[in-house]
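Engineer: need a 3D model of the sequence below.
(one chain, ligands or ions: 1)
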Amino acid sequence: MNILILGSGGREHSLAWATMQNPKCDKLIVAPGNAGIAQIAECASISIEDGGAVAEFAGENNIDLVIIGPEAPLAAGVADDLRAAGLLVFGPSASAARLEASKSFTKEICAAVNAPTAAYGHFTDAASARAHVARTGAPCVVKADGLAAGKGVIIAQTRAEAETAIDEMFGGAFGGAGAEVVIEAFMTGEEASFFVLVDGEDVLPIGTAQDHKRVGEGDTGLNTGGMGAYSPAPVMDAAVTRKALDEIVRPTMAEMVRRGTPYQGVLYAGLMIEDGQPRLVEYNVRFGDPECQVLMMRLGAQAFDLIHACAEGRLADAQVTWADDHAMTVVLAAKGYPGSYRKGSEIGGLGTLQEDSFHQMFHAGTSEEAGKVVATGGRVLNATARGATLADARARAYALADRIDWPDGFCRRDIGWRALSD
Ligand code: GLY
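Structural biologist: Coordinates of the predicted model:
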């Protein structure tokens, strides 16, 4: 098969790595890709939020399946354009992608199916939002309704912080994404990420993970896209997983079918678990980044079989073959991230890495300039490893990270601390 993956991050590098191992893959193109992806696949410079341009490129290159990595092209309707052009696609329609692109839509669906989640209010002006906070108090979570590149969620500890967040959002700090605002009650517990494939009716769980969203050790400091992750998530035991499926994911998917907008692709349920009860924090309509990296490390080549079955509506016959293993990824980020950081610094040590099915350095924000790999993003590399235990995976991931010679970078040294006692 000729396969096209859209995206340029560590998520897409890990998807490309797993896909390349599958004997069904004859040719892999990633658009736009990055310096690491370019070592295993062809990279193409196309505008991935332009469905017409992607469809034309796919036609010219005899593409059999398009895998859409990030949320922006999904929300922009690229999957719809590709399907209209007769292409096989992995990823939801724009209507179904509203589960990530509109926080209020997700809350409305949860209310319709009685899925456990935080109480909320939905506002189109600052005065009503402020009045809600005056009534309900803090802490609370103020969310821009639309897509804000992972930045539109503010956990307000006080009423004053909530009011500042409300004023910033309605003041345009997150562009159009903040034109409407959702305010949720603050949930306590432990967070986990739960991933399922869905082909309309059928739901296939493909793994759990926990990531570390804060920049600082001990889960302190500013929020990031994720500084590291591990899989499986110990808090997602069999009972919690069953509740998450029966009370949250399956009812949501059934409601999407009932509304005439069935979901197809990977669904990432961000959950808060307390006393064995999962509650929905948010849905994402894509793989998590860096959670995808640990899932791909564990699934290997079968990941592509599952993605292919999902795209063709064959999940009823698909199954995951799990090894009793663990994986961890450690994010190497540019100093200053998630604030401002320098771009263009050279990354050394990449040529010395011994990569295999237990160790992979996935690239997240790199490009090649004059034969050198340079950092082009905030999150730049993902040192990813697998082992029989989480401690083994951690030792391997940090050993890999420590081979990198990049004075402009840093990583957290405590990824997995909740699940590891030392
Ligand atoms: N790691 C969180 C996310 O991908 O949204």
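
Engineer: secondary structure element for the residue nearest the centre of the chain?
Structural biologist: Centroid-nearest residue in the chain: Gly288, 1.6 Å away (criterion: C-alpha atoms, centre = their mean). Taking DSSP states H and E as the definition, one finds Gly288 inside no helix or strand.

Engineer: pretty sure it sits against Ser193.
Structural biologist: Yes: counting by C-beta atoms under 8 Å, Gly288 touches Ser193, with 5.2 Å between them. Any C-beta I mention is one placed from the backbone N, CA and C, and that applies to glycine too.

Engineer: so which bits of the protein are right by the ligand?
Structural biologist: By the rule C-beta under 6 Å from any ligand atom, the part of the chain lying against the ligand is Gly150, Asp211, Gly225, Gly226, Asn284, Gly288, Asp289, Glu291.

Engineer: can you say which of the residues you listed are buried?
Structural biologist: Buried subset of those (neighbour count, 16 or more other C-beta atoms under 10 Å): Asp211, Gly225, Gly226, Asn284, Gly288, Asp289, Glu291.

Engineer: what is the neighbour count of Gln354?
Structural biologist: Other residues within reach of Gln354, judged by other C-beta atoms under 10 Å, total 9.

Engineer: how about the strands in the stretch 301-422 of the chain?
Structural biologist: For the stretch 301-422 of the chain, strands defined by DSSP state E, counting those that start in this stretch occupy the ranges 326-334, 359-363, 366-369, 372-375, 379-387, 409-410.

Engineer: format those as TSV; extra columns: mean pLDDT and mean neighbour count.
Structural biologist: Putting those into TSV (pLDDT from 0 to 100; neighbours: other C-beta atoms under 10 Å) gives the following:
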stretch	mean pLDDT	mean neighbour count
strand 326-334	98	28
strand 359-363	98	25
strand 366-369	96	18
strand 372-375	97	22
strand 379-387	98	27
strand 409-410	98	18
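
Engineer: got those as a markdown table, with distance to Ala79 columns?
Structural biologist: Below are the strands of the stretch 301-422 of the chain laid out as a markdown table (distance: least, C-beta to C-beta, whole Å):
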| stretch | distance to Ala79 |
| --- | --- |
| strand 326-334 | 27 |
| strand 359-363 | 24 |
| strand 366-369 | 27 |
| strand 372-375 | 31 |
| strand 379-387 | 25 |
| strand 409-410 | 35 |
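
Engineer: compare the ones you listed and give me the one nearest Tyr120.
Structural biologist: strand 379-387 (29.6 Å; C-beta to C-beta).

Engineer: packing partners for the closest one?
Structural biologist: helix 10-20, helix 291-299, strand 326-334, strand 359-363, helix 390-401 (3 or more C-beta pairs under 8 Å, 6 or more residues apart in numbering; DSSP states H and E).

Engineer: off-centre distance for the shortest one?
Structural biologist: The chain centroid and the centroid of strand 359-363 are separated by 17 Å under C-alpha atoms, centre = their mean, to the nearest Å.

Engineer: next, the angle from that strand to helix 390-401.
Structural biologist: Per axes from the mean of the first three to the mean of the last three C-alpha atoms, to 10 degrees, the angle that strand 359-363 makes with helix 390-401 is 60 degrees.

Engineer: list the helices and strands strand 359-363 packs on?
Structural biologist: With contacts taken as 3+ C-beta pairs under 8 Å, 6+ apart, strand 359-363 sits against helix 10-20, helix 291-299, strand 379-387, helix 390-401.

Engineer: can you give me the end-to-end span of stretch 198-218?
Structural biologist: With C-alpha to C-alpha, to the nearest Å as the measure, stretch 198-218 spans 35 Å from end to end.

Engineer: repeat that for stretch 33-42.
Structural biologist: Start to finish, the residues bounding stretch 33-42 are 8 Å apart (C-alpha to C-alpha).

Engineer: show residues contacting that stretch.
Structural biologist: By C-beta atoms under 8 Å, 6 or more residues apart in numbering, the surrounding residues in contact with stretch 33-42 are 5, 8-9, 12-13, 16-17, 20, 27-30, 43-44, 361-368, 373-374, 376, 381.

Engineer: could you redo the last one with a cut-off of 7 Å?
Structural biologist: Contacts with stretch 33-42, where a contact means C-beta atoms under 7 Å, 6 or more residues apart in numbering, come from 8, 12-13, 16-17, 20, 28-30, 43, 362-363, 365-368, 373.
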